[in-house]
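Student: any chance you can model this:
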Amino acid sequence: MAVERVFDIAGSALSAGSVRLNTISSNLANADTVSATPEEAYRSREPVFANVLAGQLGGGSAGVRVLGVVESLAEPRKEYQPDHPGADADGYLYYSNVNVMEQLANLISASRSYQTNVDVMSTARQLLLKTLELGR
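Tutor: So this is what the prediction gives:
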């Protein structure tokens, strides 16, 4: 495998990891938001990834592609709080369906994956530099 392919693969993984980290950050930032209707309540989002094999692109580079970001279909949490100014006519508030513990676990996994890909690029760079030094 050519060294430039290592950079392509790790680079696409870093881009996908960045989308994953941003999505998790958005979920955590909106974890405690409330609304008066279930339609307006924030719903957890997850990125969808696909692997790209070199042969699929006519001999091009392999890597990871972000297909999009999808919203959770889980219903928002409903609580009866008639004294809250944001409650609906029946006295209910609708909280986001973000599971904070799940998002924190995803955050740890995503940050470790991101760091691993940074290490891969760094090692490939060092190997390339050592190879160039051998040619002198």
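Student: test my guess that residue 24 contacts residue 109.
Tutor: No - look at residue 24 against residue 109 with C-beta atoms under 8 Å: they stay out of range, at 9.4 Å. Bear in mind the C-beta positions are built from the backbone N, C-alpha and C, glycine included.
Student: more neighbours: which of these two?
Tutor: Neighbours were counted for residue 24 and for residue 109 using other C-beta atoms under 10 Å; residue 24 has more, 25 against 12.
Student: helix, strand, or coil at residue 107?
Tutor: helix (DSSP: H, G, I helix; E, B strand; the rest coil).
Student: and what of the one 4 residues further on?
Tutor: When states are read from three-state DSSP, the local structure at residue 111 comes out as helix.
Student: residue 68 now?
Tutor: strand.
Student: again with residue 97
Tutor: Residue 97 ends up coil, using three-state DSSP.
Student: buried sites along stretch 127-136?
Tutor: Buried residues in stretch 127-136, counting neighbours by 16 or more other C-beta atoms under 10 Å, are absent.
Student: ok, stretch 108-126 next?
Tutor: For stretch 108-126, by 16+ other C-beta under 10 Å, it's 110, 113, 114, 117, 120, 121, 124.
Student: as a markdown table, the residues you listed with secondary structure, pLDDT and distance to residue 66 would be great.
Tutor: Output for the buried residues of stretch 108-126, formatted as a markdown table (DSSP: H, G, I helix; E, B strand; the rest coil; pLDDT from 0 to 100; distance: C-beta to C-beta, whole Å):
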| residue | secondary structure | pLDDT | distance to residue 66 |
| --- | --- | --- | --- |
| 110 | helix | 96 | 13 |
| 113 | helix | 94 | 14 |
| 114 | helix | 95 | 14 |
| 117 | helix | 93 | 14 |
| 120 | helix | 92 | 19 |
| 121 | helix | 92 | 19 |
| 124 | helix | 89 | 22 |
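Student: for the residues you listed, give me CSV that also has distance to residue 12.
Tutor: Listed next are those as CSV, based on distance: C-beta to C-beta, whole Å:
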residue, distance to residue 12
110, 15
113, 13
114, 13
117, 9
120, 12
121, 11
124, 14
